[in-house]
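>>> Whatever this is, show me its structure:
(chains A and B)
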Amino acid sequence: MKSEEFARRKEHLCGWDAEITSYRIGETYYCHVDNVSPGATVSRAEGKTREEAENEAIAKAKERLAQTRKVAR
Amino acid sequence: MSQYAHPDALVSTSWVADNAGKPGAVVVEVDVDLKAYDEGHVPGAIAWNWTTQLCDTVLRDIIPKAKLEKLLGDSGVSPSTTVVLYGDNNNWFAAWAFWQLKIYGHKDVRIMNGGRKKWLEEGREVSKDRPVPQAVVYTASAPDLSIRSFLPDVQKAMQSKSAAMVDVRSPGEFTGEILSPPGLPETCQRGGHIPGARSIPWGKACNEDGTFKSFDELKKLYEGEGVRGDKPVIAYCRIGERSSHTWYVLKYLLGYKDVRNYDGSWTEWGNLVGAPIETGPAK
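As a prediction, this is how the structure comes out:
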């Protein structure tokens, strides 16, 4: 098996820069969403299609990113 | 890679493709958990779970010597084995494992440049098999704490300005705008940084593909912030894994003599009653 159809792109999710990475291994598509700064993985998901994996990972990432609060000064 | 101070501590994805599975080398994927490993990994690689296998979550400490000896022994690692580490998040957790193996004196440890990200992006072979190593007996050295900083060391260094303090977190964490990386749980009471620290986010040491920047680029980056290796350096982040990545860069790629990872990091300092902090950009 190889990692195939590897793709990554940047998007703005809930006010934060995020990097969405997806690829296929065997018959399964995998996706993970990282915050761009500092680069930590926020969510992971898998699916039968790229769209399914990305939609689930992005939905989970949005839920988590939305909870990040900025400290008022 | 030949320009680095210790080029033997870094291997390329091609090297791993050629050498994984050969006698004398053990390849380990080190991640915060095993989810990424289970998707598919370097053929022949075993997995270490950072959260449960490389941290003592009761003491909040690195694992004790006996536990490390069991982990390495069960992994088929003997003192002469070449251990090649890689992982996701640009090798953050692999760098933590590297640091911990050096604390316990393992000689031949290497990082796969670019980590899991580069391996997958290059479309290399992956496997879902979980190898079962032949266990051996491993005897580690007594811990070398010259590469680790504890709170009193950091307090003393801050007061005396005897060490260069490098905060490798994101700019938002450094200034105090946010208390944790976006999307991750807050684990401290206050935002900001240790007084006198320079802000050099870990990612500045890497290229877009996850590989390390060249020796000259790294030298320029750190020297530009006054971190020249002419005095001890203490690197910290939030929980010590990102700073182990910077510790590796400073010690093994740039060759600075006295570099320490403060793994207590911001979750210790930021929660201390009465500890001074600074907010906003570096002064």
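>>> how about the helices in the stretch 1-150 of chain B?
Remark: helices assigned in the stretch 1-150 of chain B by DSSP state H, counting those that start in this stretch are B:13-19, B:35-39, B:50-53, B:65-74, B:92-103, B:115-121.
>>> Which one, of the ones you listed, ends up nearest to A:E27?
helix B:35-39 (12.5 Å; Cβ to Cβ). Where you see a C-beta, it was placed from the backbone N, CA and C, and this is true even at glycine.
>>> quick check, that closest one touching chain A?
Yes. Using Cβ under 8 Å from any Cβ of the partner chain, we find that helix B:35-39 touches chain A at B:K35, B:A36, B:E39.
>>> Which of those residues are buried? Put it as a ChimeraX command.
Selecting only the buried entries of the residues of helix B:35-39 next to chain A in ChimeraX, with 16 or more other Cβ atoms under 10 Å in any protein chain shown as the criterion:
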select /B:36,39
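>>> Could you export the residues of helix B:35-39 next to chain A as CSV, including distance to B:H245 and pLDDT?
What follows is the residues of helix B:35-39 next to chain A, written out as CSV (distance: Cβ to Cβ, whole Å; pLDDT from 0 to 100):
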residue, distance to B:H245, pLDDT
B:K35, 20, 96
B:A36, 17, 97
B:E39, 22, 97
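>>> Throw the residues of helix B:35-39 next to chain A into JSON lines and include distance to B:T211, thanks.
Below are the residues of helix B:35-39 next to chain A laid out as JSON lines (distance: Cβ to Cβ, whole Å):
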{"residue": "B:K35", "distance to B:T211": "24"}
{"residue": "B:A36", "distance to B:T211": "19"}
{"residue": "B:E39", "distance to B:T211": "21"}
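>>> highest average neighbour count across the helices of the stretch 1-150 of chain B?
Mean neighbours per residue, mean count of other Cβ atoms under 10 Å in any protein chain shown, is largest over the helices of the stretch 1-150 of chain B for helix B:92-103, with a mean of 26.
>>> so B:P232 makes contact with B:D258?
Yes. Using Cβ atoms under 8 Å, B:P232 makes contact with B:D258 at a distance of 4.2 Å.
>>> Have a look at these two and say which one is more surrounded.
Neighbours per residue (other Cβ atoms under 10 Å in any protein chain shown) separate B:P232 from B:D258, with B:P232 holding more: 18 against 15.
>>> Check what pLDDT the more buried one gets.
At B:P232, the pLDDT value in this model is 98.
>>> Let me know the helix or strand that the residue nearest the centre of chain A is in.
Centroid-nearest residue in chain A, with Cα atoms, centre = their mean: A:V33, separated by 1.9 Å. Assigned by DSSP states H and E, A:V33 falls within strand A:28-35.
>>> in its sheet, what does that strand sit against?
With DSSP bridges as the test, strand A:28-35 is paired with strand A:16-25 (antiparallel), strand A:41-47 (antiparallel).
>>> could you pull out the strands for the stretch 151-283 of chain B?
With DSSP state E, counting those that start in this stretch as the criterion, the stretch 151-283 of chain B has strands at B:164-167, B:198-199, B:233-236, B:259-261.
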